[in-house]
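Novice: using only what follows, build the 3D model:
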Amino acid sequence: MLLLFLLLLQLLRLLLLQSLIAQVYLFKKMQTSKTMEALNEKKKQDESFSVNKCLDEVDTMELTDVEKAYAMNIFKSKIDRECYLWRQCWWRQYWQRQCLN
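Specialist: Next up, the predicted model:
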């Protein structure tokens, strides 16, 4: 009788452990899924607001050189500003004059 009780107790422990492992697995799976969704959303945003797209838009707007130099201030990142600057060297001259004034 004691042996049967111990076997049942061991079986309950195993079932509880299996249940806990399944819960942890589902939690991690859900967490990974949310992380992947967030990364994919960020990637979509980065692509839709990329420097190259912005530069192409500025080119199609037919802005004056001075207006293009002012457009330089919309970039938050120094690297993005440098990409914008070096796209056309003469924008850089106007921007430098603007910064000096």
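
Novice: residue ranges with poor pLDDT in this structure?
Specialist: Applying pLDDT under 70 to the chain picks out residues 47-49, 88-96, 98-101.

Novice: would you map the helices across it?
Specialist: Under the criterion DSSP state H, helices of the chain are mapped to 2-48, 51-60, 65-71, 78-87, 89-100.

Novice: adding mean neighbour count, write those out as TSV.
Specialist: No exception for glycine: its C-beta is placed from N, CA and C like everyone else's. TSV is the format used below for these (neighbours: other Cβ atoms under 10 Å):
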stretch	mean neighbour count
helix 2-48	10
helix 51-60	13
helix 65-71	16
helix 78-87	14
helix 89-100	13
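
Novice: mind checking how far residue 66 is from residue 87?
Specialist: Using Cβ to Cβ, to the nearest Å, one gets 16 Å for the distance from residue 66 to residue 87.

Novice: cool, residue 12 as well?
Specialist: Remark: distance between residue 12 and residue 87 (Cβ to Cβ) = 69 Å.

Novice: per-domain residue ranges of this protein.
Specialist: 1-48, 50-101 (automatic domain parsing).

Novice: tell me, what residue is most central in this structure?
Specialist: residue 42 (3.3 Å; Cα atoms, centre = their mean).

Novice: for that one, list the residues it contacts.
Specialist: If a contact means Cβ atoms under 8 Å, 6 or more residues apart in numbering, then residue 42 has no contacts.
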